[in-house]
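Peer 1: Sequence first, predicted model second:
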Amino acid sequence: MAARQRRAAGRAPAAGDRMNARPTRRRVVVTGALGGIGAAVTARLLADGAHVVAVDRPDVVRRHGASTDAAVHHLGVDLRDADAPAEIARHCQHVLGGLDGLVNNAGIEARATLADHEDARWDAVLDVNLRAPFRLTRELADLLSAGTAPAVVNVCSIAVTGFAGQIAYDASKGGLQTLTRSLAVELGPRGVRANAVCPGFIDTPMLDEAGLRPVAERVARNLPLPRLGRPADVAGAISWLLGEDAGYVTGQSVFIDGGMNRP
């Protein structure tokens with residue numbers, strides 16, 4: 001009996017055990033971490049007690065400067081670069097000693113109709129919104145599978161339902177949603193969960209940059225919850241999906257849109 005107990009004590013935890021284990025201080029990578037939804041996610045995770053590698057474009061990181069909070073580490077990389085995923089992985093190993101969560105949040109939008117959408121614009125949107133999350137998740141999968149209750153959250157959009165005038169953005173977010181389901185199936189046996197959030201009209205600078213604020217405010221007035229979403233609304237959902245309370249949730253898309261989509 002004692003020998004069996006000693007063998008059990010030395011046994012590596014099974015995938016299900018690691019999914020439900022209580023982490024002491026989660027280690028999370030967030031991309032697009034210094035503005036809009038990403039900044040709210042970073043702030044929420046820090047409030048939750050996590051250590052965060054906050055990834056953003058080099059020019060954005062330079063503008064923000066070094067963090068004064070020892071729990072957050074700014075890393076400036078261009079996610080379109082071929083060596084960006086490996087650089088992020090090295091940083092996680094060096095600074096965090098491992099990884100428990102990944103939030104693929106970085107994204108860009110380019111508004112154009114089908115007839116006006118040039119190949120270069122299509123490629124630019126797909127590179128950031130779909131190829132970059134795929135490549136980064138692929139690079140970090142081994143680190144995540146060795147982590148505690150590991151999870152991936154991909155930030156998609158209500159655009160997965162399709163809108164006029166933003167065909168590349170919609171396609172990229174729809175692809176990311178399907179990638180999330182495939183990751184859930186492939187990484188689940190390794191103890192890694194994968195889910196998506198699909199924000200609606202969230203009150204961030206992107207609304208103004210894309211010229212969508214008037215439309216967003218008009219739509220919001222007719223929602224079951226008649227207001228624009230807040231970045232903190234999305235951050236709260238991501239915090240939950242990364243945490244142990246969502247330990248049996250994977251392959252799902254959570255719509256954070258005030259009730260716009262009611263399947």
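Peer 2: Great, that's in hand.
Peer 1: For the lengthiest helix in the chain, name the packing helices and strands.
Peer 2: Taking DSSP state H as the criterion, the chain has its longest helix at helix 167-187. With contacts defined as 3 or more CB pairs under 8 Å, 6 or more residues apart in numbering; DSSP states H and E, helix 167-187 has these neighbours: helix 119-126, helix 132-145, strand 151-155, strand 193-199. Yep, even glycine has a C-beta here, placed from its N, CA and C like the rest.
Peer 1: Pick the most deeply packed of the ones you listed.
Peer 2: Mean neighbour count (mean count of other CB atoms under 10 Å) peaks for strand 151-155 among these, with a mean of 27.
Peer 1: neighbouring contacts of that strand?
Peer 2: Strand 151-155 is contacted by residues 32, 37, 100-105, 107, 133, 137, 144, 176-177, 179-180, 183, 187, 192-197, 199, 234, 238, 241-242, 246 when judged by CB atoms under 8 Å, 6 or more residues apart in numbering.
Peer 1: Residue ranges in this structure under the pLDDT threshold?
Peer 2: 1-24, 263 (pLDDT under 70).
Peer 1: Start from the N-terminal end of it and give the helices.
Peer 2: Using DSSP H, the helices found in the chain span residues 2-10, 15-20, 36-47, 58-64, 84-91, 119-126, 132-145, 167-187, 205-209, 213-220, 231-242.
Peer 1: returning to what we had before: of the helices and strands packed on helix 167-187, which is nearest Q93?
Peer 2: Nearest to Q93 among the helices and strands packed on helix 167-187 is helix 132-145; the distance by CB to CB comes to 7.2 Å.
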